[in-house]
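> sequence unavailable; structure follows:
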């Protein structure tokens, strides 16, 4: 195959290449090659008199502010003003990455679509020096004006508009990620595989393994800080607890169906409690397994669950009488979010002060326990209110059970982690509660709770799918996983610090 060398950077390209694979320079169009009838070799006819190879331009960095593109540039320079010779734009061209130079400062890399948008918005012009990102050393690639590169074909094709929309979406997601990193103070990469995180769920485990989890948090079972593991745990016990509770609920429900609701009055309260308990308590066990420091006992978790849940419900009723929420419209939903999250937070503050813990993972566990207790008591109350409509009891229990994953348990867990991120190993005080970093984190469950309760219109046919609540559940768990990641990094730092002190 005949090779062609770029006149800009000397890179060796295929003979039929339209652009330099190293610097993006657009090669001048060559006349078609013909085959000699006698020798069979490929020959190139001599160029016409008016065909000239454009010289390598010499230029300086453009002054600021740059002038907007003018009509003189409305055709690619290598096309000699003939719009019919424009080349088709390929996905590879649209996805190419570029640097650009302004006032001797290098910017980028940006996509060809983004670069086209900058030209379109008159932030750059066609004289702006650019270079395409390649495998070669960037210092070895010369700067070339935009109007001497394939960027002209990309710009006038208009195909970059769609790519720009994708860039905007990517930029938006990146901005959300950066905001979360700023709030949590964790800018590290989230190294987690959900398939590995839940890989132990489907494995067989012994009773002794379960006992090791339930006996954690004592003076004999809490590991030294220097021996803590900062790797992602693989929780599994929560799934067995969930199946056990659901089996109990199923037996009681079967009793009501088999002997009639009217004849099962003594069974209904137990069925309601087990149905309300199954999901929230299983999530608490999940956070118990995630709690790598193993410094909170199961007895303490049970105490926080029952007393903290009941106490937070009492505080919520008290605050509700002061605020007078009234109708659950948009404003009422905001008030509910504020009142209930403050009530749960006040309860978990009591236990955090009492236990005097310092780990973010402890805050997640204690907060989840308070939120789960609140959720169980509230769901049981809703179901009991429907006791005269037996068929609606199970509907409420199933619905609130499914949605409990992203509700009170998750919101209170965020609040617990937030106060621990601020408090660290210091005694809890009012300065932690009113610190800016804590309030930044605490406002997240308040907002999500308010949106959860808002009467947001849903398209016909989707009402029973609860799309708003599902999206909010995904959002809060994305945030929770990030907080778990921050907690594991904290454990790693403390473990390394203790190892160093023992040397």
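Looks like it came in fine. All values reported here derive from a predicted model rather than from experimental measurement. Numbers count the residues shown, from 1 in each chain.

> which strand or helix spans residue 130?
strand 129-132 (DSSP states H and E).

> next helix or strand past that strand?
Heading C-terminal from strand 129-132 (DSSP H and E), you reach strand 144-145.

> and that next one, which strands flank it?
Sheet pairing of strand 144-145 (DSSP bridges) gives strand 129-132 (antiparallel).

> tell me how far the partner strand is from the chain's mean position?
33 Å (CA atoms, centre = their mean, to the nearest Å).

> cool, and stretch 456-475?
Here stretch 456-475 is found 19 Å from its chain centre; the criterion is CA atoms, centre = their mean.

> list the buried ones in that stretch?
Neighbour counts using 16 or more other CB atoms under 10 Å place 466, 468-469, 472-473, 475 of stretch 456-475 among the buried residues. Every residue, glycine included, has its C-beta placed from N, CA and C.

> same question for stretch 402-422.
By neighbour count with 16+ other CB under 10 Å, stretch 402-422 contains the buried residues 403-422.

> ok, stretch 102-111 next?
Buried residues in stretch 102-111, counted by 16+ other CB under 10 Å: 102, 108-111.

> which one of those is nearest residue 275?
Of all these, residue 275 sits closest to residue 111, with 51.9 Å by CB to CB.

> residue 100 - that's part of a strand, no?
Yes. Residue 100 forms part of a strand when assessed by DSSP: H, G, I helix; E, B strand; the rest coil.

> distance check, it against residue 367.
As judged by CB to CB, to the nearest Å, residue 100 and residue 367 stand 48 Å apart.

> these two touch, right, residue 498 and residue 491?
No. Assessed by CB atoms under 8 Å, residue 498 is found out of contact with residue 491, at 10.7 Å.

> neighbour count winner among those two?
residue 491 (21 against 14; other CB atoms under 10 Å).

> where does residue 222 sit: helix, strand or coil?
coil.

> count of residues packed around the nearest residue to it once chain neighbours are set aside?
Take residue 222 and drop its neighbours on the chain: the residue closest to it by CB to CB, 6 or more residues apart in numbering is residue 295, 4.9 Å away. The local packing of residue 295 (other CB under 10 Å) involves 22 other residues.

> how far does stretch 200-207 stretch from one end to the other?
Terminal residues of stretch 200-207 lie 15 Å apart, using CA to CA, to the nearest Å.

> what comes up buried for that stretch?
Buried, per 16+ other CB under 10 Å, within stretch 200-207: residue 200.

> which other residues reach that stretch?
234-237, 239-240 (CB atoms under 8 Å, 6 or more residues apart in numbering).

> would you turn those residues into CSV with pLDDT and neighbour count?
Formatted as CSV, these follow (pLDDT from 0 to 100; neighbours: other CB atoms under 10 Å):
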residue, pLDDT, neighbour count
234, 92, 14
235, 95, 19
236, 96, 21
237, 96, 20
239, 96, 17
240, 96, 14
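
> ok, residue 404 - contacts?
Neighbour list for residue 404: 279-280, 283, 375, 379 [criterion: CB under 8 Å, 6+ apart].

> would you mind giving me the PyMOL syntax to select the buried ones in these?
To isolate the buried members of the contacts of residue 404 in PyMOL, using 16+ other CB under 10 Å:
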select buried, resi 279+280+283+375+379
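
> widest-spaced pair of the contacts of residue 404?
283 and 379 (13.3 Å).

> what's in contact with stretch 347-360?
291, 293, 295-296, 300, 303-304, 308-309, 311-312, 315, 362-363, 366-367, 370, 412, 415-417, 419-421, 423-425, 427-428, 433, 483, 486-487, 490-491.

> how about 7 Å then?
Identification of contacts with stretch 347-360 by CB atoms under 7 Å, 6 or more residues apart in numbering yields 293, 295, 300, 304, 308, 311-312, 315, 363, 366-367, 370, 412, 415-417, 419-421, 424-425, 428, 483, 486-487, 490-491.

> filter the buried residues of stretch 102-111 down to the ones in strands?
Residues of the buried residues of stretch 102-111 located in strands (DSSP state E): 102, 108-111.

> turn these into TSV, including distance to residue 334 and pLDDT.
Below are those laid out as TSV (distance: CB to CB, whole Å; pLDDT from 0 to 100):
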residue	distance to residue 334	pLDDT
102	46	84
108	43	77
109	43	81
110	40	82
111	40	82
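
> dump those residues to a markdown table, plus distance to residue 224.
Shown next, in a markdown table, are those (distance: CB to CB, whole Å):
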| residue | distance to residue 224 |
| --- | --- |
| 102 | 56 |
| 108 | 49 |
| 109 | 47 |
| 110 | 50 |
| 111 | 50 |
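
> in the strand holding residue 130, what's buried?
Neighbour-count burial for strand 129-132 [16+ other CB under 10 Å]: 129-132.

> now those residues as TSV including pLDDT and distance to residue 395?
Putting those into TSV (pLDDT from 0 to 100; distance: CB to CB, whole Å) gives the following:
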residue	pLDDT	distance to residue 395
129	90	67
130	90	62
131	87	63
132	86	60
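
> ranges for the helices of the stretch 401-503 of the chain?
Using DSSP state H, counting those that start in this stretch, the helices of the stretch 401-503 of the chain run over 408-423, 430-433, 436-453, 467-502.

> ok, residues contacting the shortest one?
Looking back up the chat, that one is helix 430-433. The contact list for helix 430-433, computed with CB under 7 Å, 6+ apart, reads 419, 422-423, 438.

> re the thing from before, next one: phi and psi at the residue nearest to residue 222?
phi -110, psi 10 (degrees, to the nearest 10).

> and for residue 106?
Backbone geometry at residue 106, expressed as degrees, to the nearest 10, gives phi -100, psi 130.

> and it, what's its pLDDT?
At residue 106, the predicted lDDT confidence score is 81.

> surely it and residue 99 touch.
Yes. At 5.5 Å, residue 106 and residue 99 qualify as touching, with contact defined as CB atoms under 7 Å.

> what's the neighbour count on residue 309?
Using other CB under 10 Å, residue 309 is surrounded by 25 other residues.

> meant to ask about residue 243
Other residues near residue 243 come to 12 when the count uses other CB under 10 Å.

> repeat for residue 254
When neighbours are defined as other CB under 10 Å, residue 254 has 12 of them.

> secondary structure element holding it?
helix 237-259.

> helices or strands up against that helix?
Contact here means 3 or more CB pairs under 7 Å, 6 or more residues apart in numbering; DSSP states H and E; on that basis helix 237-259 packs against helix 268-290.

> check which helices and strands the helix it packs on sits against.
helix 237-259, helix 298-303, helix 360-385, helix 390-403, helix 408-423.

> nearest to residue 226 among these would be which one?
Proximity to residue 226 (CB to CB) singles out helix 360-385 among those, at 17.0 Å.

> buried set for that closest one?
Neighbour counts over helix 360-385 (16+ other CB under 10 Å) mark 360-380, 382-383 as buried.

> run the chain-centre distance for that helix.
Its chain's average C-alpha position is 25 Å from that of helix 360-385, according to CA atoms, centre = their mean.

> stretch 414-432 too?
Taking CA atoms, centre = their mean, one finds stretch 414-432 lying 24 Å from the centre of the chain it belongs to.

> now the terminal residues of it, how far apart.
End-to-end for stretch 414-432, by CA to CA: 15 Å.

> do the same with stretch 455-468
Counting by CA to CA, you get 10 Å between the two ends of stretch 455-468.

> partner residues bridging the closest residue to residue 143 other than its chain neighbours?
Once flanking residues are discounted, residue 143 sits nearest to residue 129: 3.6 Å by CB to CB, 6+ apart. Beta-bridge pairing of residue 129 under DSSP bridges involves residue 145.
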